[in-house]
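Q: could you work out the structure for the sequence below:
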Amino acid sequence: MKILLEKGDSEEQIKMAEALLANKLVSAIETVTYKCQKVQKSDDEVAKAVIVVVGLFGVCTQWTAVYRVLVDFCGWESDIAKFSQRMNTLLKDVRLTHRCTYQSIQKPLSSSSILRKNYQEWKKYKAPKGDRVFPRQMFIAENLLKLLSISA
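A: Below you'll find the predicted structure:
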């Protein structure tokens, strides 16, 4: 069994992978880089699409899907605090039911390893029966990609 590490994995995850390799519980550690279609979208295009998908939110933690799409495909800052600040500046004059906060992105990322992964991994993932979190995130991500005319 191999462990795949990717950009954004924490120091703790890397150390755990190295410990597993040292104890011969895994055969290798590989670093993966994803080839996502990088697109330039204006702030106006992003704002219009995000306003639509936020209207589809059932819970505020679905901001994680917006984060994943914009970081993976549009080159937005992966630092959650900076991402949230940029999003709130972009939507400052928009009345939203669910505002983008650090917690609304971080909470799902800390509780689900698949959500920390690049969108390319999301597409391959089969959510366990009864999982309500991942399908909600995927629904938002797919809609945002469509609205931004990004093929993944």
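Q: thought S84 was touching I105?
A: Yes: between S84 and I105 there is a contact at 6.7 Å, judged by CB atoms under 8 Å. C-beta here means a position set from N, CA and C on the backbone, and glycine is covered the same way.
Q: and those two? Which one has more around it.
A: Neighbour totals were compared for S84 and I105, and I105 leads with 25 against 21 (other CB atoms under 10 Å).
Q: can you tell me the SS state at that one?
A: On the three-state scheme (DSSP: H, G, I helix; E, B strand; the rest coil), I105 is labelled helix.
Q: need the contact list for it.
A: T61, W63, T64, Y67, I80, F83, S84 (CB atoms under 8 Å, 6 or more residues apart in numbering).
Q: so where's the protein shaky on pLDDT?
A: Across the chain, residues meeting the criterion (pLDDT under 70) sit at 1-14, 17, 20-21, 25-26, 28-37.
Q: remind me, longest helix of it?
A: As assigned by DSSP state H, the longest helix anywhere in the chain is helix 133-147.
Q: name the helices or strands packed onto it?
A: Packing partners of helix 133-147 (3 or more CB pairs under 8 Å, 6 or more residues apart in numbering; DSSP states H and E): helix 43-54, helix 63-74, helix 102-111, helix 119-124.
Q: tell me the most buried of these?
A: Counting by mean count of other CB atoms under 10 Å, helix 63-74 has the highest mean neighbour count of the helices and strands packed on helix 133-147, with a mean of 24.
Q: C-terminal to that one, what's the next element?
A: Read in the C-terminal direction, the helix or strand following helix 63-74 is helix 80-90, with elements assigned using DSSP states H and E.
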